[in-house]
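>>> show me the folded form of this:
(chains A, B and C)
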Amino acid sequence: MTADDVILQVKGLTAGYGAAPVLQEVDLTVRAGTIAAVLGANGAGKTTLLRTLSGLVRPSGGEIVYGGQPLRDVPVEQLVRRGMAHVPEGRGVVAELTVDENLRLGGLWRRDREDAAKALTEVYELFEPLAQRRRSAGHQLSGGERQMLALGRALVARPKLLLLDEPSLGLAPRVIAQIMALLRQLRDSTGLTVLLVEQNVRSALSVADEAVVMSLGRIVTATSADRLRDDEELRHAYLGF
Amino acid sequence: MSEQTITPAAPAAAPAPAPKRSVALPGFLSGSTLLRHLVLAVLAGVLLFLLTQQLDPFRNFQLATVAAYLCATAGLTLLVGMNGQLSLGHGALMAVGAYTVALAQNAFADKGITGNQVLPLSLALGVLVTMAAGAVIGLAAARLRGPYLAGVTLAVAVAVPAATVTFDETFNSEQGLSVAVEPPPLSLGLYFPNERWQAWVALTGALLTMLLLANLVRSRVGRNLRAVRDDEVAARLAGIHVGRTQVLAFVVSAASAGLGGGLMALLAQSVSPGAFSLTLSLFLLMAVVIGGLGSLSGAVWGAVLLVALPDLTHDSAQLVSLSPAVAQRLEGNLPLAVFGLTLIVVMIAAPGGVQGLLRRIGARVRRRAPAR
Amino acid sequence: MDRFVFLTFDGLSKGAVLAAFALALVLIWRAARIVNFAQGAMAVAAAYAGYSVTSATGSYWLGFAAALVGGLLIGVVVERAVMRFVDHSSPLSEVIVALGLVLVVQAVLGMVYGNEFLPAGTPFSRNALSVGDVPLLSRYDLFVFGAVLLVLLGLALLFTRTSVGLRMRASAFAPEVSRLLGVNVGGMLTLGWALASAVGALAALLVIPTELGLHPHAMDLVFVSAFTAAVVGGLDSPPGAVVGGLTVGLILSYVSGYLGSDVTPMAVLVLLLAVLLVRPGGLFSSTVARQA
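Below you'll find the predicted structure:
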C-alpha cells in the first residue's frame, strides 16, 4: 500500500462533549476506492466519528489527514468542495423542500454549472423513483425514497469520499440490498471511497472491503471484511454472533 | 439562557446557609426561614431609618424612589428570573396601581375622609386592582410561551397608557391626575420634612414586599416556580399544576408592581400616561437583568441603578459645556443609550448580572482566604 | 356607507404596510427562530437616514433609496455585531437583547435628531381620488400598494426561483445539513436579516407620512400591530403574514374610524389575545405550530 492510495488517515483522534470523550485515540486508515465499514453497538462512537471527520464536532486531540492534507479548522461547508460528502444520521432530507430542490442543493456550490446539471441528470437516471417525484416535498417520501434522495444529493457533488451513516436504518431488506449493491457499483465504476457506518453487520460486510469494530469510543479491531465475515471466532469475539 | 443565568440562589434565599453564618447567628435563627428574614428586614429597617435621618431631602426622595422601583423590580425578578415568564408590561401594571391609588386618594379627599388609615387603604386598593389585572394577563400568559408572551405583554404596555385617553373622563387623558396626599402626621412635628416621610412610607412598602417575596421564594411555592421554569414537563410529572403556578407568579408579580406604582403616585403626587410608557417597562426589565435575574438582591441593584444612572449621566453631561439644545437632547437620551447598551452587554457577556458578578468575586475571595 | 367604503380602502392601504412589516418579522423568524422586537426601532433608524438624505438633496427618491440601503446595512450590523453572540438556548435572551437594541437605537436617534415629530413628505398627493362622490384612494395609497406588491413579488421570486433563495430556505429549515452540502449558513442568516430589515425600512417609509411624522417611537404601535398580523398568519407563513396584515389593517381602520383612534392600541391587544388563545398556531400556519 503506497501513500497515494490512502485517502483518509486518522491518528489518535479524540473528541467528545465536556469531560467524557466519545472518541478515544481513534486510528483509522481508508484506502481510496474501497468501502470501509465501521461496526459496533449503539453508543460506540460511530456517528461521532463521522461527525468529527466532517467537522461538525471539534476534535480535542489527534489528527485527520484527508487527501494528503491535514484537516484543521477547515469549515464544514468547505469539505464538500474538497470531495468529502456526508450523509448524516437520519439522512438529512430537508422535509420542507421538494425532491428536486434537495438534489439541486447538493450541487449549488459547484462552479461548473454544466457538470452540476449533468450530475443531476445522472442521479435521476440512477434513481428512477426520484425522477417521478421531483415536485414532492421531502416529508412525503417513503423511507427508501428518502435514502435514495440523500445518497443522490451526495452524489450530485461528485464526491471522492462518502461518509454514510446507517443507510439501512428502517428500510426493508430488499431496499437495503439494493443500496449496498449500488455502493459496490459506484466503487467499481467511479472509484468512490465509502466510509460506511452500520449496525446492520451482515449487510455492511456483504459489501465492505475493510472493517473496523468500535466499542466505547475506541477501535477494537481493524481487519479485512472477508476475514471478519468468515472467521467465526473473531466475529463472535467482537460482534457477538 | 443558560442554567447559570438564572441560578435561584439569592443570598437571602441560599439553599443551605453557609456554616459560618449559622455559627454567627443564634441557633433559633438558622432554624426558621421566616424568623431569619424577619430579623434581616428589621435590621435593614433600622439601618434605613437611621439613614433617612442623615440624608438631605433630595437624597431622601431618591431613596424613596428606589424603594418604589424595588417593589416592581422584585416582582419582575420573581416572574422572569424564577418563573421564566417574560413581561414587557410591568410599567403598565405600575400604571394600574398608580391610577388606582390616585383615584382612591382623591375620592377620600373629596369625601373629607382623613387620617392614618387612608394611605394604607388606598395602597391596598391599588395592589388589589393590579392583582386582578395581573390575573387576567396571567391567565392568558399561562398558555403562551417565549416571544408570544413577550408580544402580548408588549401590547399591554402600549395599550394601557392609551386607555387613559379613551376613558378621559376618569383618567383625564395625557394631562393625568394630581394626587391628593396628606402632609406627614402632625405627631412627627410641624416641620417634619415631607421627603423623609415619603422615604419612610416607600421603604416600609419595599421592605414588606421583599420580606414576603423572600419567604415565598423559599417556600414550596417558590420551588414550584423554579421547577416550572426549568422544565415544564418534569414539573407536571412531579404533580405541579403548571398553569396555576404561572398564573400565581403573575398575580404576585403584578401585586408588587401595583404597590410600586402606587408609591410612585404618592411620591410624584401626580400620575400621567407619559410616566408609565413602554420605556418604563423596558427600564424595569433592564434593571432586573442587569441586577441579576433570579435573585431578589439583584432587584435591589436594579432599582438603585434606575435612580442612580440617570443622575450620573446628568452630572457627567454637565461636566462638558454644551449648548442648551444639545444638552437637553443628551439629558433625556443618554441614560436610555447607556441602559440599552448595558443590557446588551450584560446579556451577552455576564448573564448573571451584578449579583452574579458579586457572587463570583465573593467565591474567589473565600477560596483565597485559607491560603493566606 | 360612503364612510365604510372609505375606511375599507384606508384599511387595506394600512394593511399593506402592516403586511410588509409582518413579512419582515416572518423572514427573521423563519431564518433564525427569533421574533425581532428591535425591528421597529431599526426601521425608524433607516427612515431617519432617508430623511437626512432627502433634507440634504431635496429629493424624496434619493432619501427613499438611502433608507432601503440603510435598512440592509442595519440588518447586517445587528446580526453580525449583536445577535450572533446571543445565547440561543432560551428565547428570553434574544428578546431581551432586542429590547436593549430598541433602547439604544431610540436613544441615539433622539440625541441626533431630537425627540420632536419631524414632518415626513410623500412623493404623491394624499388627497383621496373620488369615484362619483365617494372618496376612495389617494395617489399615495396606490403608491403604497404598488411598492408592497413589488416587494412581495420580488421576495416570492427570490425564494422560489433563485439558488440564493434555495440556500436561504435550506439554511433556515436544516442548518446542519445545509453546511454539509456546502451552504454558507452564517452568510445566509446575515442576508436574511439584511433583507428583513430593508423590508421593515420600506414599511416605515410608507407608514410614517400617514401618521404623526418621524419620531424615535414612530413604529412602536406599528410593531405591535404587525406582530399581531404575523401571529394571525402564523409566524411561519409569508402568505399568512400578508393576509394577516390586510386583516389587521382593516379591523384597525374600522375601529379607529367608528370608535376613535385612541382605541386602536386596545383593539390590537384584544385581537392579539383572541388569536393567540383561540388559534395559537395562527390561521394560516402550514406546518405544525411550534411553541418557542
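>>> and the host helix or strand of C:Val104 with chain B, contact?
Counting by DSSP states H and E, the secondary-structure element that holds C:Val104 is helix C:91-113. Yes: Helix C:91-113 is in contact with chain B by Cβ under 8 Å from any Cβ of the partner chain, via C:91-97, C:99-108, C:110-111. Yep, even glycine has a C-beta here, placed from its N, CA and C like the rest.
>>> buried sites along stretch A:197-211?
Of the residues in stretch A:197-211, those scored as buried under the neighbour-count criterion (16 or more other Cβ atoms under 10 Å in any protein chain shown) are A:197-198, A:200-201, A:203-211.
>>> show me which of the residues you listed is closest to chain C.
Comparing the buried residues of stretch A:197-211 against chain C with Cβ to the nearest Cβ picks out A:Val197 as the nearest, at 14.7 Å.
>>> the closest residue to chain B within the stretch 51-200 of chain C: neighbouring residues, count only.
Among residues of the stretch 51-200 of chain C, the one nearest chain B by Cβ to the nearest Cβ turns out to be C:Leu103. It sits 2.9 Å away. Other residues within reach of C:Leu103, judged by other Cβ atoms under 10 Å in any protein chain shown, total 27.
>>> count the residues that sit near the residue nearest to it when sequence neighbours are not counted.
Closest residue to C:Leu103 apart from its sequence neighbours, by Cβ to Cβ, 6 or more residues apart in numbering or on different chains: B:Gly340 at 2.9 Å. A count of nearby residues for B:Gly340, using other Cβ under 10 Å, gives 26.
>>> shaky segments in chain B?
The model of chain B has pLDDT under 70 over residues B:1-31, B:317, B:319-322, B:364-372.
>>> just want the angle from the helix or strand hosting the residue nearest to C:Leu103 to helix C:91-113.
Using DSSP H and E, the element containing B:Gly340 is helix B:324-349. Interaxial angle of helix B:324-349 relative to helix C:91-113 (axes from the mean of the first three to the mean of the last three Cα atoms, to 10 degrees): 160 degrees.
>>> how far off centre is helix B:324-349?
21 Å (Cα atoms, centre = their mean, to the nearest Å).
>>> would you mark the buried spots in that helix?
Taking 16+ other Cβ under 10 Å as the neighbour-count basis, helix B:324-349 is seen to contain the buried residues B:329-344, B:346-348.
>>> now do that helix: which elements does it pack against?
Helices and strands in packing contact with helix B:324-349 are listed as helix B:278-291, helix B:296-319, helix C:91-113; criterion 3 or more Cβ pairs under 8 Å, 6 or more residues apart in numbering or on different chains; DSSP states H and E.
>>> okay, angle between it and helix B:296-319 too, please.
150 degrees.
>>> do a quick rundown of the strands in chain A.
Counting by DSSP state E, the segments of chain A that form strands are A:6-17, A:20-31, A:35-40, A:59-66, A:69-70, A:84-87, A:161-165, A:193-197, A:210-215, A:218-224.
>>> among these, which is nearest B:Arg145?
Distances from B:Arg145 to each of the strands of chain A were compared using Cβ to Cβ; the minimum, 27.2 Å, belongs to strand A:6-17.
>>> show me the shaky parts of the chain.
Chain wasn't specified; assuming chain A. Those would be A:1-4, A:18-19, A:241, if you go by pLDDT under 70 across chain A.
>>> wait, chain C was what I had in mind.
Per-residue confidence of chain C (counting by pLDDT under 70) places the weak regions at C:280-292.
>>> hey, which helix is longest across it?
Selection of the longest helix in chain C by residue count, based on DSSP state H, yields helix C:2-32.
>>> that older thread, save the helices and strands packed on helix B:324-349 as TSV, and put in distance to A:Leu155 too.
As requested, the helices and strands packed on helix B:324-349 are exported to TSV (distance: least, Cβ to Cβ, whole Å):
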stretch	distance to A:Leu155
helix B:278-291	50
helix B:296-319	56
helix C:91-113	38
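>>> hey, which of those helices is tucked in deepest?
Comparing the helices and strands packed on helix B:324-349 by mean neighbour count (mean count of other Cβ atoms under 10 Å in any protein chain shown), helix B:278-291 ranks first with a mean of 27.
>>> mind checking how far that one is from the chain centre?
Shown here is helix B:278-291, whose average C-alpha point lies 10 Å from the average C-alpha point of the whole chain (Cα atoms, centre = their mean).
>>> that older thread, pretty sure the residue of the stretch 51-200 of chain C closest to chain B contacts B:Asn333?
No: taking Cβ atoms under 8 Å as the contact criterion, C:Leu103 and B:Asn333 are not neighbours in contact, 9.7 Å apart.
>>> thinking again about what came up before, buried ones in the helix or strand just after the helix holding C:Val104?
Per DSSP H and E, helix C:91-113 leads on to strand C:128-131 as the next helix or strand towards the C-terminus. Buried residues in strand C:128-131, defined by neighbour count with 16+ other Cβ under 10 Å: C:Ala128.
>>> which helices and strands does the helix or strand that strand C:128-131 is followed by pack with?
Beyond strand C:128-131 on the C-terminal side, the first helix or strand identified by DSSP H and E is strand C:134-138. The elements that strand C:134-138 packs onto, with contact taken as 3+ Cβ pairs under 8 Å, 6+ apart, are helix C:2-32, strand C:128-131.
>>> ok, and what's touching the last one?
Spelled out, it's strand C:128-131. C:Phe6, C:Pro135, C:Leu136, C:Leu137, C:Ser138, C:Arg139, C:Asp141 (Cβ atoms under 8 Å, 6 or more residues apart in numbering or on different chains).
>>> now these as CSV including distance to A:Asn102 and neighbour count?
Conversion of these to CSV gives the following (distance: Cβ to Cβ, whole Å; neighbours: other Cβ atoms under 10 Å in any protein chain shown):
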residue, distance to A:Asn102, neighbour count
C:Phe6, 49, 18
C:Pro135, 52, 17
C:Leu136, 47, 16
C:Leu137, 44, 18
C:Ser138, 47, 20
C:Arg139, 46, 15
C:Asp141, 42, 22
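>>> on the three-state scheme, the closest residue to chain A within the stretch 151-292 of chain C is what?
Nearest residue of the stretch 151-292 of chain C to chain A: C:Gly182, at 3.5 Å (Cβ to the nearest Cβ). With DSSP: H, G, I helix; E, B strand; the rest coil as the basis, C:Gly182 sits in coil.
>>> run a quick neighbour tally on it.
Neighbourhood size, C:Gly182 [other Cβ under 10 Å]: 22.
>>> same check on B:Ala74?
Here the neighbour count serves as a burial measure; for B:Ala74 (other Cβ under 10 Å) it reads 30.
>>> flag every residue of chain A that's near chain C.
Counting by Cβ under 8 Å from any Cβ, chain A sits next to chain C at A:54, A:56, A:75-81, A:85-86, A:88, A:92, A:94-97, A:101, A:104-106, A:108-109, A:153, A:157.
>>> could you rerun that using 6 Å?
Taking Cβ under 6 Å from any Cβ of the partner chain, the part of chain A that reaches chain C is made up of A:Val76, A:Glu77, A:Val80, A:His86, A:Gly92, A:Val94, A:Glu96, A:Glu101, A:Leu105, A:Gly106, A:Leu108, A:Trp109.
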